[in-house]
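Trainee: Here's my sequence, what's the structure:
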Amino acid sequence: MTKDYRSTQEIRERERELKRRMRIMLIGIGILFGGIFIYKGVTGFIFNHFMSSQSHTVTVSTMKVAYSEWDSHLQAVGSLRAIRGVDVTSELAGMVRTIAFLPGATVTVGTVLVELNTDPDVAQLRALQANAELAQITYHRDKAQLAIKGVSKEVVDTDAANLKNLLAQVDQQAATIAKKIIRAPFTGRLGVSAVNPGQYLSPGDKVATLQQLSPIYVDFYVPQQVLIDLKVGQAITLESDAIPGKKFPGKITTINPVIDTATRNVEIEATLDNPQQELVPGMFGTVSVETGKPQRFLTLPQTAISFNPFGDLVYVVNKSEANKKKKETLTVTQVFVKAGETRGDQVAILQGLHAGDEIVTSGQLKLKNGSEIAIDNSIMPPNNPAPILSNEH
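Mentor: Sure, this is the predicted structure:
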């Protein structure tokens, strides 16, 4: 009995000790988790207080939508081409004896450029001329003999045919000699010389390029749908970044009667005055064709529009008042617009806005619907429909 009693007491004491340790462990776990929750709560409170103390106002530039008058015209990229332009070549083979031109010089039609060696041709020409003179003497003598029945008419006819044949050979040889003197086919400016004295030229070998630069052609292509607005004699202007700030006036001289089936564009040829010969063949420029009266459009700087796959949008400025302090605040709203033609820095707005609407022109990346803004127009984006190109670096 005594042993059983002691065993029971020991078991009870162990159970009490186990329960006490369990309580201590649970209290420790509770203190640990409570500390974590308190830490999270305090840090969250501090973060929220910090964020609430920060300003969410985004600084942007704005402007009011207004109408602009745009001239009705179409633009295209044109390529300049000489009124007359060729590579002067040799028609016959021969050795270069004399070069009579300066590279880059302006020459008139018929100016001698290059002379080939013609000594053998001149000698042959003199022989043919001697034969022709003898044939002519023979013809006149036999013709006098025919009058007194001294020769037959057949002999006189043979003499006449022989004379004509020899005279033709003289003309042919003279033409051969003339072809070996290469002349300018028209008035224009020469290019770089491609020949040297003593060089042997084959038929078709280039001597120099010759270009007539004033006036000058510009060729450009326009879509078929605007063909109805074009006509011969219509005024055009050309601008080139090679000559910034200068406009060259001209007129349409030819409208190609065939439309390109691959692009559905039609080729237009215009003629430009080029008295200073500033424009040269091969240069490109922007051609503007006046097609009608000026039109009014709502316009914005292109930087004011956010172009997206799902649509083009702008941010419109709204003015509102807070409930307590009655202080005016500015917010923005996204508005989808339909953009039209662009000119320079501007773009026409066809739908979505009205005159007088105030829109954001820069700083849109940080905005969303309802964002509060502050306006700073000290720096504004460019808004010129016809910016002047400059070659300054």
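
Trainee: Tell me where the stretch 101-250 of the chain has strands.
Mentor: Secondary structure of the stretch 101-250 of the chain (DSSP state E, counting those that start in this stretch): strands located at 106-107, 112-116, 181-183, 188-190, 200-201, 206-223, 235-239, 248-259.

Trainee: Show me the one of these that comes nearest Ile379.
Mentor: Closest to Ile379 of those, according to CB to CB: strand 235-239, at 28.3 Å. C-beta coordinates here come from the backbone N, C-alpha and C atoms, glycine included.

Trainee: Can you point out the buried residues in the closest one?
Mentor: Using 16 or more other CB atoms under 10 Å as the test for burial, strand 235-239 gives Ile236, Thr237, Leu238, Glu239.

Trainee: how far is it from where the chain is centred?
Mentor: The chain centre lies 15 Å from the centre of strand 235-239; the measure is CA atoms, centre = their mean, to the nearest Å.

Trainee: give the contact list for the closest residue to Asp273 other than its chain neighbours.
Mentor: Of all residues not flanking Asp273 in the chain, Pro215 sits nearest, at 5.6 Å (CB to CB, 6 or more residues apart in numbering). Listed by CB atoms under 8 Å, 6 or more residues apart in numbering, the contact set of Pro215 reads Ile83, Gly250, Thr271, Leu272, Asp273, Asn274.

Trainee: mind showing which ranges of the stretch 51-200 of the chain have poor pLDDT?
Mentor: Applying pLDDT under 70 to the stretch 51-200 of the chain flags residues 51-55.

Trainee: again, only using 90
Mentor: 51-75, 139-157, 159 (pLDDT under 90).

Trainee: could you pull out the helices for it?
Mentor: 119-147, 153-179 (DSSP state H, counting those that start in this stretch).

Trainee: buried set for the shortest one?
Mentor: For helix 153-179, the neighbour count (16+ other CB under 10 Å) marks Val155, Val156, Asp159, Asn162, Leu163, Leu166, Leu167, Gln169, Val170, Gln173, Thr176, Lys179 as buried.

Trainee: could I get those residues as CSV with distance to Ala144?
Mentor: As requested, those are exported to CSV (distance: CB to CB, whole Å):
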residue, distance to Ala144
Val155, 12
Val156, 10
Asp159, 11
Asn162, 17
Leu163, 15
Leu166, 20
Leu167, 20
Gln169, 25
Val170, 24
Gln173, 30
Thr176, 35
Lys179, 39
